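S.K.: Here's my sequence, what's the structure:
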Amino acid sequence: MPARTSKDDRPRIPPRPAPDEPGVDPRERIIRTAYELFMRNGLAAVGVDRIVAEADVAKTTLYRHFRSKDDLIAEVLERHHQLWLRDWLAPATVNRAESPAGQLLAVFEALDEWLGDENFHGCLLINSLLETHDRSSAVGLASVRAIDDVHVFLEGLAVEANAREPERLARQIHLLMRGTIVAAAEGHTVVPEAREAARQLIEEALPRP
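M.R.: Modelled structure (predicted):
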């Protein structure tokens, strides 16, 4: 288990790649620019022309690195997955509690900070899947794979907590997470209710002392 950190050292929100960082090569600048545009506007509303204009590259440069807009979106989704789950949620959760059961519950403490951040624009993974309508496409597969990895992370904590049915508990917690995120995108704060529901599910899933 990673060493616990002080509150000031905890990752507070998912890190965002800066498109205008000096020394960034054209491919990376395209990814970072598209990342920001998709986060704020969705997939369909952002065209290739806007991406190349804001990334300050030629359209031929974009297509040299990405065969299509969908391939670029899939790359952006993988980047977001790295930043959101691996670089932020996993350490932000694990560092908040000693026990795996406590870490499962701490997921909602981390979500509360993210959902309250001024840069919150919904979940790029969920939004992309809803916009795509085709789970077999490059975008659909990237979205589903990343969303499934969140379930895998939760199931790992449930296994460590000795839950009787870890896969079921992980699925329940994941459903609460997604519902909380969608509610926040609608302008509703339901983290306390989701956290209480999660607490009850975790208590019921753990072996009796």
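S.K.: how about the strand or helix carrying Tyr35 as CSV, C-alpha atoms only?
M.R.: Here Tyr35, judged by DSSP states H and E, is contained in helix 26-41. Listed next in CSV are the C-alpha coordinates belonging to helix 26-41 (Å, rounded to 0.1, in the frame of the first residue of the first chain):
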residue,chain,number,x,y,z
PRO,A,26,3.2,19.0,-32.4
ARG,A,27,1.6,15.6,-31.7
GLU,A,28,1.5,16.3,-28.0
ARG,A,29,0.2,19.8,-28.6
ILE,A,30,-2.7,18.4,-30.7
ILE,A,31,-3.6,15.9,-27.9
ARG,A,32,-3.5,18.5,-25.2
THR,A,33,-5.5,21.0,-27.2
ALA,A,34,-8.1,18.5,-28.2
TYR,A,35,-8.3,17.4,-24.6
GLU,A,36,-9.3,20.8,-23.4
LEU,A,37,-11.7,21.4,-26.2
PHE,A,38,-13.4,18.0,-25.7
MET,A,39,-13.6,18.5,-22.0
ARG,A,40,-15.3,21.8,-22.3
ASN,A,41,-17.5,21.3,-25.4
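S.K.: what does that helix rub up against?
M.R.: The contact list for helix 26-41 (C-beta atoms under 8 Å, 6 or more residues apart in numbering) reads 16-19, 21, 24, 46, 50-52, 54-57, 61-62, 65-66, 72-73, 75-76, 79-80, 121, 124, 128. From N, CA and C alone the C-beta is placed, and that goes for glycine too.
S.K.: average model confidence for the helix or strand following it?
M.R.: Going down the chain from helix 26-41, the next helix or strand is helix 48-55, by DSSP H and E. What helix 48-55 shows for mean pLDDT is 95.
S.K.: try stretch 118-126
M.R.: Averaging pLDDT along stretch 118-126 yields 88.
S.K.: Start the count at 14 instead of 1 going forward.
M.R.: In the new numbering, first residue 14, that becomes stretch 131-139.
S.K.: Which residues does that stretch contact?
M.R.: If you take C-beta under 8 Å, 6+ apart as the criterion, stretch 131-139 is touched by 26, 29, 51-53, 89-90, 93-94, 97, 127, 156, 159-160, 191, 194-195, 197-198.
S.K.: which parts of it are buried?
M.R.: For stretch 131-139, the neighbour count (16 or more other C-beta atoms under 10 Å) marks Phe133, Gly135, Cys136, Leu137, Leu138, Ile139 as buried.
S.K.: What angle do helix 39-54 and the host helix or strand of the last one make with each other?
M.R.: The reference is to Ile139. Per DSSP H and E: Ile139 is located in helix 137-145. Relative orientation of helix 137-145 versus helix 39-54 (axes from the mean of the first three to the mean of the last three C-alpha atoms, to 10 degrees): 80 degrees.
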